[in-house]
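In: What follows is a predicted protein model with its sequence.
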Amino acid sequence: MDIAVIGSNMVDLISYITRMPEEGETIEAPDFRMGCGGKGANQAIVSARLGSEVVMVTRVGDDLFAENTIRNFAENGIATTDVIKTPGSSGVAPIFVDPKSHNSIIIIKGANNQLSAADIERASERIKVCKLIVLQLEVPLETVYAAIEFGKNHNIPVLLNPAPASPELVLEKVKNVKFIVPNETELSLLTGMPVDSMDDIKNAAQVLLGLGIENVLVTMGARGVYWLHGEGEQFLEANEVDAKDTTGAGDAFIGCFAHMYVRTGDIPRSIEVANAYAGDSVTRLGTQTSYAWKDDFAARHPGLLH
Ligand code: RIB
């Protein structure tokens, strides 16, 4: 096994809108798509499509969506042993994408709220053999802290994507992760610092490094990624692309970064490939529907994966 993702899954209900309705107003939107999503599941699917062996620890409801989500994991080569059925609703995410391809997302966590430290223990034999644990914040924070502790106790590096941003996250409890990967908004919320300029971003990232976190990767959308670590810093630019839908691009970056890091141990190279993979994903509509399989991505970016 390569990567353990301990996190969320959602059903994405994506409306392509011309504008948001005013209060009390009904407006028509030109298009709608439903698909599998959730930050944890998205990151797991990307790593699996690129060829990593992925353990997914997550909870689905006992509704119609659950079977579809479980089938989706299986079809992407992810074992469903640790996808636990839970009474009640699966996680659901109504998403609105405007004509500029900007998105607004509401999440209803449903079964994801029940993912617990006991679920990590139940999956421990499968997680223990992984080379990286990947976490996000769409499940209870206590579960995130337990997963970080698990990684520390078993000497497995942990990557934390602090998304969606949570003001309740206790930084002291996440200082043992090897990678923290916030976007600018999340970085600002985590540190309580502004991120209006590159200097602001560097200062805020420095606070996370100061906690003892080894690598801070600030994802900056179309601009690229700022990487701060113990020996220095680097800004890795993203490729210019014609964006159609940026939903899930951050997850595309993380899933690809995790895959590359586990394969190569080479952080700047992993960032470079993940930038290209995320850029590739925004040229197509949807969340997981926009994620390329290994061969398609390799064909569009010769020489990058190997
Ligand atoms: O990061 C994108 C994801 O955020 C969507 O798939 C949605 O489900 C929410 O979790």
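Out: Cool, got the structure. Residues are numbered from 1 along each chain as shown.

In: Please count neighbours and contacts with C-alpha atoms only from this point.
Out: Noted.

In: Skipping adjacent residues, who's closest to Glu186 in space?
Out: Nearest residue to Glu186, sequence neighbours excluded (Cα to Cα, 6 or more residues apart in numbering): Ala165, at 5.0 Å.

In: Would you mind giving the secondary structure of the one you found?
Out: Judged by DSSP: H, G, I helix; E, B strand; the rest coil, the three-state class of Ala165 is coil.

In: Give me the phi and psi for Ser197.
Out: With angles defined as degrees, to the nearest 10, Ser197 sits at phi -140, psi 170.

In: so what's it up against?
Out: Residues near Ser197 by Cα atoms under 8 Å, 6 or more residues apart in numbering: none.

In: about what we covered before: quick one: the residue nearest to Glu186 from the ligand, how far?
Out: Using Cα to the nearest ligand atom, to the nearest Å, one gets 11 Å for the distance from Ala165 to the ligand.

In: Pull up the pairing partners for the helix or strand of the chain with the lowest mean pLDDT, direction included.
Out: Of all regular secondary-structure elements in the chain, judged by mean pLDDT, DSSP states H and E, the least confident is strand 103-105 with a mean of 93. Sheet pairing for strand 103-105, assigned by DSSP bridges, gives strand 92-97 (antiparallel).

In: Is any residue of the strand it pairs with near the ligand?
Out: Yes - part of strand 92-97 sits close enough to the ligand to count as contact by Cα under 6 Å from any ligand atom, namely Ala93.

In: Was I right to think the residue nearest to Glu186 contacts Thr191?
Out: No - taking contact to mean Cα atoms under 8 Å, the distance of 10.9 Å between Ala165 and Thr191 leaves them out of contact.

In: picking that back up, and the residue nearest to Glu186, what are its phi and psi?
Out: According to degrees, to the nearest 10, Ala165 has phi -50, psi 140.
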